Every structure is written in C-alpha cells, then in structure tokens.
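Colleague: could you look at this predicted model? Sequence included:
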Amino acid sequence: MFWSGTYGVTHAYGGSGYNYVTLEDTLAAYMVNGLTWCGNTNGSEGFNYEFCPYKCSHNYWADLAFWGLANAYILPHLFATLTSGEIYVILNGTRERAFRNDSFFGLFELPNLPRTGKYQVEKVNVLVLHAPDLPVIEKCGEHSLIELEQLVKKAGFDYSCQDDPEYAKVTYRYHYTIGMLVNVLLLEKYYNINGDTNYMEQQTAAAACN
C-alpha cells in the first residue's frame with residue numbers, strides 16, 4: 001500500500017487486519033519512522049537538538065537522503081519492485097494536488113512498479129479520502145488525479161479511483177477524530193509549558209510536508 005498526504009489513516013487502515021504493507025512496515029524504515037529529519041549547515045557544530053526548521057523546503061534534502069535511498073535500495077531492491085497484482089494508493093483530496101509529481105510516490109514508487117516478469121503489478125487502485133470538516137479540493141477524475149490516471153495507464157497498468165470508499169472512510173473518520181483530540185491536548189500542554197504562539201503555525205507547516 002502506498003500513500004501521499006495520508007500517513008496516519010493509511011497506517012491505521014493497513015494495521016486493522018487488512019494485511020496491507022507499507023514501506024514503514026519494513027524493518028529499516030520502521031526503526032526511523034516518525035522522525036523529523038533536520039539538516040545543519042555548520043558541520044563543525046554537529047546536530048542541532050534544540051531547533052528544527054518546519055518548512056518543507058528546509059527539510060526536503062534531509063528527508064530525501066534516507067527515504068529516497070530506502071525506496072531505492074531497501075531489501076535490497078526498490079520497495080515498489082516487490083509489489084505485484086493489485087496495489088492501493090491512498091491520497092488526500094482535501095489538499096491542493098492530491099497527487100504530486102515530487103512526492104515519494106511520484107518520484108520513486110510509481111516509476112518502479114514492476115511491469116514485466118512473473119510478478120508484476122496489474123492494477124493501481126486509488127482511494128481519495130476527504131477530511132470530514134474540510135472542503136473537498138479534488139475528486140477522482142479531476143485536476144492532478146487526471147494526470148495520475150494518464151501516468152498509470154501509460155505505464156501499462158489498469159486504473160481505478162474511488163472517492164471515500166466506506167471501508168476506508170470509517171477508519172479515516174476514527175483516526176481523524178482521535179488525531180484532532182490528541183493535537184488539541186498536545187497544543188494545550190505545549191502552550192502551558194512554553195507559551196509559544198508560533199507552535200501551531202510550525203505544526204501546520206510540518207503537516208504539509210507529508
């Protein structure tokens with residue numbers, strides 16, 4: 001199972017007895033999953049344990065250094081090349097461009113899905129989920145999802161797309177509600193300790209990087 005912009009719900013759904021495997025379920029990725037990758041322009045100072053930039057542009061190459069290689073060499077082949085049959089991709093339809101060419105799925109995984117041989121991918125199933133209290137930005141057959149469909153078919157795979165399928169939507173609603181509650185509790189705790197009014201803005205920017 002692949003994802004972009006839907007980290008939480010993808011892993012909640014995959015871990016609910018549906019027997020789907022993501023890159024983060026492999027040993028190498030599991031050990032560092034959830035870490036925020038930070039760079040330091042001054043190598044003599046070593047790692048900065050006190051501050052980490054939250055803008056995607058600041059962390060992009062630090063993220064790419066590991067996750068790009070993980071996609072390229074894990075197990076030791078490309079993670080994507082180990083897939084076969086029908087695969088699932090869960091995307092976020094409540095953000096602009098549900099599919100992005102510069103995402104890890106667009107850069108590393110989609111181009112390396114096996115097309116020939118005994119074990120090959122036959123169909124790409126796209127599930128587009130929408131947050132309950134946010135506006136719908138994209139749906140199947142619109143905008144970036146048209147581009148994704150063209151890329152998938154050009155690669156020789158069958159393609160299907162569903163908006164908010166019930167079996168995934170239940171997981172999404174549950175995860176979204178719990179996630180919002182946890183975020184509120186963490187923010188309250190952080191404000192009480194630090195009084196940092198920029199924290200929410202930093203976390204919002206960090207969420208956009210996924």
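Modeller: Thanks, I have it.

Colleague: got a list of what the nearest residue to Leu91 once chain neighbours are set aside touches?
Modeller: Spatial nearest neighbour of Leu91, excluding adjacent residues (Cβ to Cβ, 6 or more residues apart in numbering): Ala98 at 4.3 Å. Any C-beta I mention is one placed from the backbone N, CA and C, and that applies to glycine too. Neighbouring residues of Ala98 by Cβ atoms under 8 Å, 6 or more residues apart in numbering: Ser4, Gly5, Leu91, Asn92, Val128, Ile137, Glu138, His143, Ser144, Leu145.

Colleague: how does it look with 7 Å?
Modeller: Counting by Cβ atoms under 7 Å, 6 or more residues apart in numbering, Ala98 makes contact with Leu91, Asn92, Val128, Glu138, Ser144, Leu145.

Colleague: over to Gly156?
Modeller: Applying Cβ under 7 Å, 6+ apart to Gly156 gives the contacts Arg115.

Colleague: what about the spatially closest residue to Lys139 that is not a sequence neighbour, distance to Gly106?
Modeller: Closest residue in space to Lys139, ignoring its immediate chain neighbours: Asp163 at 5.1 Å, by Cβ to Cβ, 6+ apart. To Gly106, Asp163 is 20 Å away according to Cβ to Cβ, to the nearest Å.

Colleague: could you do Asn125 as well?
Modeller: Using Cβ to Cβ, we find Asn125 at a distance of 17 Å from Gly106.
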